[in-house]
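Visitor: next come a sequence and a model predicted from it.
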Amino acid sequence: MENLNKQELTLSRIQLIADISQTAQCNQQEFLMVMSLISDLAGQVLPHNHSDAVFYNVIKDDRH
C-alpha cells in the first residue's frame, strides 16, 4: 500500500511538472531540464527500471 501511495505521489509530481512545462514558454535548455526531472522521478518508482523492455515490446508489436 505504501508503494502505491509513493507511485501516486510521484505520478502527481510528474503530471504537475509536465503541465507547467506545457503552459510555460520554455527554452530548449529548460525543456531538457524538465525532461530530466521527469525521468529521474519516474526512475525512482519504477521497479527494476526496465526501460529497455518498452522498446523491445514496441519492436515486437510492430512486426505483425
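Guide: Thanks, I have the structure now. Just so it is clear, the structure is predicted and the values come from calculations on it, not from any experiment.
Visitor: buried ones in the longest helix along the chain?
Guide: For the chain, the helix reaching the highest residue count under DSSP state H is reported as helix 2-23. For helix 2-23, burial by neighbour count (16 or more other C-beta atoms under 10 Å) applies to 10, 14, 21. C-beta here means a position set from N, CA and C on the backbone, and glycine is covered the same way.
Visitor: which residue, neighbours along the chain excluded, lies closest to the last one?
Guide: Counting by C-beta to C-beta, 6 or more residues apart in numbering, V34 is the residue found nearest to S21 once chain neighbours are left out, at 4.3 Å.
Visitor: quick check, nearest of the buried residues of helix 2-23 to Q28?
Guide: S21 (12.0 Å; C-beta to C-beta).
Visitor: quick one: that closest one from F31, how far?
Guide: 7 Å (C-beta to C-beta, to the nearest Å).
Visitor: could you do S12 as well?
Guide: 21 Å.
Visitor: tell me what angle the helix or strand hosting F31 forms with helix 2-23.
Guide: Here F31 is covered by helix 28-45, with elements defined by DSSP states H and E. Interaxial angle of helix 28-45 relative to helix 2-23 (axes from the mean of the first three to the mean of the last three C-alpha atoms, to 10 degrees): 170 degrees.
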